[in-house]
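J.: Fold the following.
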Amino acid sequence: MECPICGEVLEKEDEYGRFCAHQDGKRLGEIFRCPNGREQNGQCNSECFHVAGSFYTDTHGNLYEGYPC
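T.: Prediction:
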């Protein structure tokens with residue numbers, strides 16, 4: 001998967017969902033980071049996100065800017 005801003009290959013960082021012991025264990029999506037945004041080297045505007053370089057997918061695989069919270 002590529003960064004929609006700079007075209008760099010996104011790195012999978014984690015997944016998110018309802019994983020606590022009292023929850024149903026459903027995986028809601030994955031969290032990705034753009035290497036350029038994370039490094040804040042001026043090559044990607046995702047470095048300005050609240051969590052620099054962060055993107056996430058939903059249960060359908062659609063990519064969104066930011067961090068799922």
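
J.: wait, G25 sits on F19?
T.: Yes. G25 lies in contact with F19 (CB atoms under 8 Å); the separation is 6.2 Å. In short, each C-beta sits where N, CA and C put it, glycine included.

J.: When these two are compared, which one has more neighbours?
T.: F19 (12 against 9; other CB atoms under 10 Å).

J.: tell me the phi and psi of that one?
T.: With angles defined as degrees, to the nearest 10, F19 sits at phi -100, psi -10.

J.: Also E39?
T.: phi -80, psi -10.

J.: wait, what's in contact with it?
T.: By CB atoms under 8 Å, 6 or more residues apart in numbering, the contact list for E39 reads E47, G53.

J.: let's see it at 10 Å
T.: Residues in contact with E39 (CB atoms under 10 Å, 6 or more residues apart in numbering) are R33, E47, A52, G53.

J.: do the same with G37
T.: 3, 5-6, 8, 10, 43-49, 51-55, 65.

J.: mind listing the helices for this structure?
T.: Secondary structure of the chain (DSSP state H): helices at 35-39.

J.: low pLDDT regions in it?
T.: Counting by pLDDT under 70, the chain shows no low-confidence range.

J.: Now T57: closest residue in space that isn't a chain neighbour?
T.: G29 (4.4 Å; CB to CB, 6 or more residues apart in numbering).
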